[in-house]
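Novice: Sequence first, then the predicted structure, then my questions.
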Amino acid sequence: MPETPHPESAPRLPETEARRLDDAATRLVDVAAHSLDPAGGFGWLDDAGRLTPGRPAETWVTCRMTHTFALAHLHGDARAADLVDHGVQALRTTLHDDRHGGWMSVAGRPDGGKEAYAHAFVVLAAASATGTGHPDGRALLDDALGVMVDHFWDEDEGLVVDQWDASWTRLDPYRGVNANMHTVESFLAAADATGDRVWLDRATRVLTRVVDGFARSHDWRLPEHFDEQWRPMLDHNVDNPGHPFQPYGVTIGHLIEWSRLSLHVATALGDAAPAWLPGAARDLYAAGVQRGWDVDGAPGFVYTTDFHDRPVVRERMHWVVAEAIAAAWTLHRATGEAAYAEDYDRWWAYAVRHLVDARDGSWVHELDAHNEPSSVVWSGRPDVYHAYEATVLPLMPEAASFIGAARGGW
């Protein structure tokens, strides 16, 4: 892989593209602001961008929105500071389990399980709030990191476990890569927000096990599901292949997302980065594109394939295209290669044609195999996080995390 270019030779956005992205980011915040739930946190938006009545706030949605508003605040959006505060207060009160510690998955349901996935997003939201200078951000971050270490982090494995019961007495034997992926993301943000190297070291350990271990040993067909000894369960959910969080087979978008995270870890480590990291980022991205894009007669990324590269769930998820945009730009910035810039343009052209709603700038969350709106896996439009990150990343300086980049000035 070519050496990372010096900042003065790094790719620069044309002014027209920067203006387009700025406008798109503002419109996404316009939509996201409608998710404010007066009862606490941020709720589920429907296809019209309205709060879904009677559906209580969920921790992962609240955290993603809080993180998005934190980035918008540092980008000069005057509305965003109050929205960050609303999210922080919900995580300190409405969504927090005051009896057992940690966070409920859904507001008002203290008997539900405690998920590493949701807790990783609490860390991300808290780190981003800390990065904005929110007065309660650091206390929330310290609490969230403490829960992650006490209950989810497995020091021997260098990975996180997946789910406990409400009182932290029974650990489910299932182990998952999805929660570990978002743990890498959140630990990188925590490292940038706190300056504590331990979070970067833990993020690197997770990424090494997953990318240089699980993904490489399966020719970049990353298994997502494992038993408690971290043995792959390749048939997990074969009878429910479109599960929104634990789908059967290879999740194409995750290959691309791990590619980007690999480059973020490499950025954080600098000269100390392992030699395998840049090549692994390229290989993961190539596998996702070759095995997931336009493989069933229509443009778009299929959601999943089996372990022989045959499409399984053919719905096209908005977040996969968003991750492809972000990864292509990150690879272009790291290598200077024109092919990645061409991919960046190609993924954006698809998004504008099929996903971005001209009415309000939100993204249709799911399309069918013919690129028509669908709701087989997801309903509504509750998640602006992927789309917002893809939109603002090219506007930001190179960094290990979005909050680290945003604090450095746009």
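Specialist: Nice, I can see it.
Novice: Assess the claim that L13 and V392 are in contact.
Specialist: No - applying CB atoms under 8 Å, one finds L13 not in contact with V392, separated by 11.4 Å. Heads up, the C-betas are built off the backbone N, CA and C, glycines and all.
Novice: if you count what's nearby, which of those two comes out ahead?
Specialist: V392 (24 against 13; other CB atoms under 10 Å).
Novice: if I pick the more buried one, what's in contact with it?
Specialist: Contacts for V392 (CB atoms under 8 Å, 6 or more residues apart in numbering) come out as 21, 25, 71, 75, 402, 410.
Novice: do the same with V356
Specialist: 24, 362-363.
Novice: could you redo the last one with a cut-off of 6 Å?
Specialist: Residues in contact with V356 (CB atoms under 6 Å, 6 or more residues apart in numbering) are W363.
Novice: gap between it and V364?
Specialist: Distance of V356 to V364, computed by CB to CB, to the nearest Å: 8 Å.
Novice: Mind checking the pLDDT average for the helix or strand harbouring A189?
Specialist: Taking DSSP states H and E as the criterion, A189 maps to helix 177-194. Here helix 177-194 scores 98 as its mean pLDDT.
Novice: burial count for the residue lying closest to H182 once chain neighbours are set aside?
Specialist: Nearest residue to H182, sequence neighbours excluded (CB to CB, 6 or more residues apart in numbering): A120, at 4.1 Å. A total of 27 residues lie near A120 under the criterion other CB under 10 Å.
Novice: Over to L234?
Specialist: Neighbour tally, L234, other CB under 10 Å: 17.
Novice: residues contacting it?
Specialist: By CB under 6 Å, 6+ apart, L234 has no neighbours at all.
Novice: same deal with the one 4 residues further on?
Specialist: Shown here is V238, whose contacts under the criterion CB under 6 Å, 6+ apart are Y248.
Novice: which non-adjacent residue is nearest M65?
Specialist: F42 is the one closest to M65 (CB to CB, 6+ apart), at 4.0 Å.
Novice: which residues touch stretch 76-92?
Specialist: Contacts for stretch 76-92 (CB under 6 Å, 6+ apart): 29, 40-41, 62, 66, 69-70, 72-73, 129, 132, 134, 136, 140.
Novice: Filter those residues down to the buried ones.
Specialist: The neighbour count (16 or more other CB atoms under 10 Å) marks 29, 40-41, 62, 66, 69-70, 72-73, 129, 132, 134, 140 as buried among those.
Novice: Put together CSV for these, with pLDDT, secondary structure and distance to E115 on each row.
Specialist: Shown next, in CSV, are those (pLDDT from 0 to 100; DSSP: H, G, I helix; E, B strand; the rest coil; distance: CB to CB, whole Å):
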residue, pLDDT, secondary structure, distance to E115
V29, 98, helix, 27
G40, 97, coil, 19
G41, 98, coil, 16
T62, 98, helix, 14
T66, 98, helix, 17
F69, 98, helix, 22
A70, 98, helix, 22
A72, 98, helix, 26
H73, 98, helix, 27
A129, 98, helix, 20
T132, 98, helix, 26
H134, 98, coil, 24
L140, 98, helix, 18
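Novice: closest to H243 among those residues?
Specialist: Closest approach between the buried ones among the contacts of stretch 76-92 and H243, by CB to CB: T62, at 22.0 Å.
Novice: thinking that closest one is in contact with A39, fair?
Specialist: No - assessed by CB atoms under 6 Å, T62 is found out of contact with A39, at 11.4 Å.
Novice: would you list every one of the strands in the stretch 151-300 of the chain?
Specialist: 153-154, 159-160, 163-164, 175-176, 225-226, 250-251 (DSSP state E, counting those that start in this stretch).
Novice: and the first one, which strands flank it?
Specialist: Okay, so that is strand 153-154. strand 159-160 (antiparallel) (DSSP bridges).
Novice: Can you pull out the residues in contact with the partner strand?
Specialist: By CB under 6 Å, 6+ apart, strand 159-160 touches 116, 152-153, 179-180, 183, 206, 209.
Novice: Switch those residues over to CSV; also include distance to V320 and neighbour count.
Specialist: Putting the contacts of strand 159-160 into CSV (distance: CB to CB, whole Å; neighbours: other CB atoms under 10 Å) gives the following:
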residue, distance to V320, neighbour count
A116, 22, 25
F152, 26, 24
W153, 28, 20
A179, 18, 24
N180, 19, 29
T183, 20, 28
V206, 21, 23
R209, 23, 17
